[in-house]
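Student: Next come a sequence and a model predicted from it.
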Amino acid sequence: MELFKKTNIDFLGRKGIFYALSVVLLAAGVGSLVIKGGLKYGIDFTGGANVSIRFAEPPPIDKIRSAVSSKIAGEISVQEVSTEHEVIISTVLDTSLDAAGQEKAVQEARGLIVEAMTEAFGSAGGKLDFNNAGTAALIERLREPFQRAAIGISDQELERLARGMTEYRNSPPRSGLIQSFDELKAVDGVTPAMIEVLKQECSLAPFGIRGAEVVGPKIGRELRNKAVLATVYALGGMLVYIAFRFEWIYGLAAVIAVIHDVLITLGLFSIFDKEISLNVVAALLTLVGYSMNDTIVVFDRIRETLKLSRRDPFLKVVNDSINQTLSRTVITSGLTFITALALLLFGGPVLNGFSFALVAGILVGTYSSIFIASPILVFWYRLVEERKQRKK
Amino acid sequence: MSNLKWKTLVIALTTLVCLYGIIGLPKSKDELAANWEKNIKLGLDLKGGTLLVLQVQLQDAFKVEATTQIERIKEELNRQGIPFNAVDLDYEPKSLDDAEQTAVAVKGVPADRIAAFRSAMGELMPSWNLTGVTSTDYRLTMKTTEALELKRQTLEGAMQTIESRINGLGLAEASVQQRGGADSEAEILISLPGLDDPARVKAILQTAALLELYEVKGGPYPRQEDAYAANGGVLPLGTKLIRSAQRAGEQGEGWYLLARTPVITGRDLRDSRPMQDEFGKWETSFVLSQESKGRFGRFTEANINNRLAIVLDNQVRSAPVIQSRIEDQGRITGAYSQQDASDLALVLRAGSLPAGVQYLQESTVGPSLGADSIRQGLTAAAAGIGLVIVCMLIYYRASGINATVALILNAVLLVGVLSYLDAVLTLPGIAGIILLIGMAVDSNVLIFERIREELAAGKAVLAAIDNGFSKAFLTIIDTHVTTVVSCAFLFMFGTPAVRGFAVTLVIGLVANVFTAIFVSRAIFQWVVGRQRGKIALSI
């Protein structure tokens, strides 16, 4: 099967249209950035706390919000994610505090959120909340009641049982939440007598804490600096490598194309209201590498064609090279796009920003190697030619 | 041996070595699963667990050091009969940054005793600089080298204490390390895989666990003012006031007047255990070391019917009356639960922290979240690989099989090398694998498209294959190197999870050069070599 039989498309002749497209995309991104007042950074970079909590039923957002607000003075946000009854509760750094106060507030936030949730939805009567208990706490809670109920098991046996119960609770489809102790009958070694004891000693909160992320402002600042440095150095490193392998103008053209890609992707993040986290920066750097890949493949061909047909005008050489590599470009981009799409569709919420950046970046990156990087080369060579002629 | 046989041997050996790294030599299905789990180490984000970054508040150590020196200065000046008005803390450090500026002021030394004062200070505090502020007032600051040494010691002490407390928790695979870096030297990174109760560990790490036993000179007084009133407005020499800890079920707070220097400190402990008293209440017992035994015995004998205060982290936990001579045993009552009592025993055994700690970062991934991430990551990887293989088979027909073999081998090599390097698989790492699939297949596409071009130009199959590989080679190297460059910077500046991504991608790319060029070519060679007569290639 072949997608393209010897194409001869005049890509560079229509560069006006594509420049216009790039300008429109960039302008849309910048417009969105201006309207929304900059990018939305995740707590990795701003500092703050967030706790993700899964509910057994659709989460009562308003109740959650008021419960947490009663504990935390500053601004909070309660955001529903996915369709699995999960919410992310996050705090925003209180800028009215001094540095030490901010660190302290951020570190306390996690405990306060959990406390608020327990008070609003949690267990009563000093029972242990099974849905949010660790294995160690469960073992300790059950040891004596089991003895009193004449369930004679050794400590090792108890540990194995407790581990079995928490593992059962944690595995999908329960994913951290059971709704009735009777469900635990499915765990190997659990007897009805044990379930009776569990019912007396433990309660089942209608929520389970899935994870928490707390980043103090100092670390946030550090991560932000590192992200910027990594991007700048990576771009610099590639520029040097390409300049070394080709000519400096190739390196510059590739880097301009890549900056174009990064800017458009960031614009899309702003338009779709997505958060920039550390993972997204990793994705951006990958996309930088990917877009470079694409550009280099075209450049390699240009260099090769230049050697073979010295008489042809540079514009024709570039156009031919793009045409010759077109089917490779489309197939590779298509396949990489498919894998990134698989990641976006199946990769789950943690990788959502990461895969979104890749999906957008692969599209823009493929486009830019043809319509941005190559025209820059042509433009430069024309400039050199003109200068030569003027000297004559 | 022919060229092809050599190549086959190299490929087979590499594959076997990598497979051995991944699954070992399993004899049963269970063993296979166990080996897999042992060799493929999962990061915190997949396994579940907690990552903590804390900062040791080094300024605490400077404050303590300065306070100790103040007492020594007063003693020495009194002993030598040099008059003074006051010896005080002149500058109290607020944060890590100004710790070195900690200063002690000596005020009101008469002008005619300056020489004696200077020589006394020089002898008593050789590691401090003495500067004159006015003709009678002086200021002492720590010398730079000594300040650095104090920082180093404090940090080392804190690391040791934290390490032994973490070890006491009995968590497998826990690690404690210094974060390093220009302004994060006082930061410690603790990774606790599998931990599902971070609140408890945070509390355990944050407890200073400074245990001191004092002679009780008076009290308890209901309020601080009462203590002053009872002693005529000033505290007697060599005493201090310390508050009692409020415990559930006890009324209000109280203030105890204690001797200034403790009889016993946490350093004198040999062991500590949780235990239950006769009413089933939990408490923490401790045993004193050999050296302090005699001292404590003499003290208790001399103070029978007096009270002894057990002070933990500057709060009086209890103040029992000494009934008889005590050799080496003691206990701290008033624990809420068994866990409370055993946590206290743990921190007492591990020793006290030389300075407070503050948390800077916490990342907790619950086990259910980790399990979901693995499932979603694997689904995405399987979907990605599946789709790519289907496309390659449709587009390149029989040569698609060649690409598929190369792709699968690429994945095996990657996972094998990861397991040999003891690298950790993180969620971004899985993303790296998925991305690698796309990039790996690009190498095949580059080569195959070249071969097609050569064939279209009328070249014979063998020549077309040769040219295809040699022409695509440089392009592949160029594209791979640029990606490796960006990964190198990700590794240098990334968090552990992002580093996992960079490492995975780089190893995968290196393996890809082998599979896409060496292995794929050998397969072509084999396919072509089997044919008799006119050679054809399905591509």
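Tutor: Now that the structure is in, tell me what you want to look at.
Student: Would you mark the buried spots in stretch A:151-160?
Tutor: A:151, A:153, A:158-159 (16 or more other CB atoms under 10 Å in any protein chain shown). Heads up, the C-betas are built off the backbone N, CA and C, glycines and all.
Student: Inside helices: which ones of those?
Tutor: Among the buried residues of stretch A:151-160, DSSP state H puts A:158-159 in helices.
Student: can you narrow the buried residues of stretch A:151-160 to ones near chain B?
Tutor: Here nothing survives when the buried residues of stretch A:151-160 are matched to chain B using CB under 8 Å from any CB of the partner chain.
Student: out of the buried residues of stretch A:151-160, who's nearest chain B?
Tutor: The nearest member of those to chain B, counting by CB to the nearest CB, is A:Glu159 at 11.7 Å.
Student: Report the contact partners of the closest one.
Tutor: When contacts are counted by CB atoms under 8 Å, 6 or more residues apart in numbering or on different chains, A:Glu159 is found next to A:135, A:139.
Student: Just put the buried residues of stretch A:151-160 in a markdown table and tack on pLDDT and distance to A:Ser374.
Tutor: As requested, the buried residues of stretch A:151-160 are exported to a markdown table (pLDDT from 0 to 100; distance: CB to CB, whole Å):
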| residue | pLDDT | distance to A:Ser374 |
| --- | --- | --- |
| A:Ile151 | 81 | 76 |
| A:Ile153 | 82 | 73 |
| A:Leu158 | 88 | 69 |
| A:Glu159 | 87 | 65 |
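Student: Make CSV out of the buried residues of stretch A:151-160 and add distance to B:Asp197.
Tutor: Formatted as CSV, these follow (distance: CB to CB, whole Å):
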residue, distance to B:Asp197
A:Ile151, 24
A:Ile153, 22
A:Leu158, 17
A:Glu159, 15
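Student: And the buried residues of stretch A:151-160, which is closest to A:Ser175?
Tutor: Within the buried residues of stretch A:151-160, proximity to A:Ser175 (CB to CB) peaks at A:Glu159, which comes in at 23.1 Å.
Student: which one is residue 168 nearest to, not counting chain neighbours?
Tutor: No chain in the question, so chain A it is. A:Val187 (4.8 Å; CB to CB, 6 or more residues apart in numbering or on different chains).
Student: wait, chain B
Tutor: Spatial nearest neighbour of B:Gly168, chain neighbours left out: B:Leu346 (4.4 Å); criterion: CB to CB, 6+ apart.
Student: Just give me the neighbour total for the one you found.
Tutor: 23 (other CB atoms under 10 Å in any protein chain shown).
Student: so it is in which element?
Tutor: helix B:338-350 (DSSP states H and E).
Student: For the next helix or strand along the chain from that helix, give me every contacting residue.
Tutor: Sequence-wise, the next helix or strand downstream of helix B:338-350 (DSSP H and E) is strand B:357-365. Residues from elsewhere that reach strand B:357-365, judged by CB under 8 Å, 6+ apart: A:103-104, A:107, A:110, A:211-216, A:218-219, B:44-45, B:47-57, B:158, B:162, B:187-188, B:198, B:202, B:205-206, B:373.
Student: Closest to the centroid, which residue in chain B?
Tutor: Nearest to the mean C-alpha position of chain B, by CA atoms, centre = their mean, lies B:Ile190 at 2.1 Å.
Student: how about B:Pro193, what does it touch?
Tutor: When contacts are counted by CB under 8 Å, 6+ apart, B:Pro193 touches B:44, B:47-49, B:171-174.
Student: for the record, mean pLDDT for the helix or strand hosting B:Lys5?
Tutor: According to DSSP H and E, B:Lys5 maps onto helix B:3-23. In this model, helix B:3-23 carries a mean pLDDT of 91.
Student: Contacts only, for B:Asp271.
Tutor: Shown in contact with B:Asp271 (CB under 8 Å, 6+ apart): B:286-287, B:349.
Student: Return the closest of these with respect to A:Ser52.
Tutor: B:Arg349 (35.5 Å).
Student: Quick check, that closest one in contact with B:Asn167.
Tutor: No - B:Arg349 is not in contact with B:Asn167 according to CB atoms under 8 Å; the separation is 10.2 Å.
Student: Pull up the gap between the nearest residue to B:Gln525 once chain neighbours are set aside and A:Gly348, please.
Tutor: Distances taken as CB to CB, 6+ apart place B:Leu4 nearest to B:Gln525, at 5.4 Å, with adjacent residues excluded. Applying CB to CB, to the nearest Å, the value for B:Leu4 to A:Gly348 is 44 Å.
Student: more neighbours, these two?
Tutor: Shown here are B:Leu4 and A:Gly348; by other CB under 10 Å, A:Gly348 has more neighbours (20 against 13).
Student: What residues does the closest residue in space to that one that isn't next to it in sequence make contact with?
Tutor: Leaving aside its sequence neighbours, A:Gly348 sits nearest to B:Gln376 (CB to CB, 6+ apart; 3.4 Å). Shown in contact with B:Gln376 (CB under 8 Å, 6+ apart): A:346-348, A:351.
Student: buried set for the helix or strand hosting B:Gln376?
Tutor: Using DSSP H and E, B:Gln376 falls within helix B:367-396. Buried residues in helix B:367-396, counting neighbours by 16+ other CB under 10 Å, are found at B:367-374, B:376-377, B:379-381, B:383-385, B:387-389, B:391-392, B:395-396.
Student: top of the contacts of B:Gln376 by neighbour count?
Tutor: Going by other CB under 10 Å, A:Gly347 tops those with 27 neighbours.
Student: what about that residue, distance to B:Ala381?
Tutor: 9 Å.
Student: go on, A:Ser355?
Tutor: Using CB to CB, A:Ser355 is found at 12 Å from B:Ala381.
Student: Domain-wise, how is chain B divided?
Tutor: Under automatic domain parsing, the residue ranges defining each domain of chain B are B:3-45+B:366-530, B:59-147, B:207-362.
Student: For these, state which one has the densest average packing.
Tutor: A comparison of the domains of chain B by mean neighbour count, using mean count of other CB atoms under 10 Å in any protein chain shown, puts domain B:3-45+B:366-530 on top with a mean of 20.
Student: Longest helix in chain B, please.
Tutor: helix B:461-493.
Student: Secondary structure element holding B:Val104?
Tutor: Using DSSP H and E, B:Val104 sits in strand B:103-107.
Student: Quick one: buried ones out of the contacts of B:Pro193?
Tutor: Buried subset of these (neighbour count, 16+ other CB under 10 Å): B:44, B:47-49, B:171, B:174.
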